[in-house]
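Novice: sequence plus the predicted model coming up.
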Amino acid sequence: MQVRRLLRGKVLVGLALVAVIAVAAISATPQSVNKQVAAANAPDLILYNGQISTLDAKNTVVKAIAVRDGVIIATDDQSGRI
């Protein structure tokens, strides 16, 4: 009877130790996938509050642009939002 209690106690301690290690491993991982995707889609440069000529075929003038890798990835719409 005492052997079973001793083994049961060791098993519980072992499971608790595994749980603590798993939690530590999960919390030590780098950014979550969503944060990595958000960082990958982030622009390098945002220009706003001005008159910016995008030099496209229509000679569009906007108030704000977002640039990534030297390419305009977004401009403001009619409401002034990017």
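Specialist: Okay, I see it. Model, not experiment: these values are computed from the prediction.
Novice: ranges for the helices of this protein?
Specialist: Secondary structure of the chain (DSSP state H): helices at 2-27, 33-41.
Novice: just give me the lowest mean pLDDT stretch among the ones you listed.
Specialist: Mean pLDDT is lowest for helix 2-27 out of the helices of the chain, coming in at a mean of 66.
Novice: pLDDT wise, what is Met1 at?
Specialist: On pLDDT, Met1 comes in at 54.
Novice: is it true that Val61 touches Ile52?
Specialist: Yes: when contacts are counted by C-beta atoms under 8 Å, Val61 is listed as touching Ile52 (6.8 Å). Using the backbone N, CA and C atoms, a C-beta is placed for each residue, glycine as well.
Novice: looking at those two, which is more packed in?
Specialist: Ile52 (17 against 11; other C-beta atoms under 10 Å).
Novice: tell me the contacts of that one?
Specialist: By C-beta atoms under 8 Å, 6 or more residues apart in numbering, the residues touching Ile52 are Val61, Val62, Lys63, Ala64, Ile65.
Novice: residues in contact with the last one?
Specialist: I take that to be Ile65. Counting by C-beta under 8 Å, 6+ apart, Ile65 has contacts Ile46, Leu47, Tyr48, Ile52, Thr54, Ile72, Ala74, Thr75, Asp76, Ile82.
Novice: list only those of those flagged as buried.
Specialist: For those, a burial check counting by 16 or more other C-beta atoms under 10 Å picks out Ile52, Ile72, Thr75.
Novice: pLDDT and distance to Leu12 added to those, as CSV?
Specialist: Below are the buried ones among the contacts of Ile65 laid out as CSV (pLDDT from 0 to 100; distance: C-beta to C-beta, whole Å):
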residue, pLDDT, distance to Leu12
Ile52, 89, 65
Ile72, 86, 60
Thr75, 88, 61
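Novice: nearest to Gly14 among those?
Specialist: Closest to Gly14 out of the buried ones among the contacts of Ile65 is Ile72 (57.5 Å), distances taken as C-beta to C-beta.
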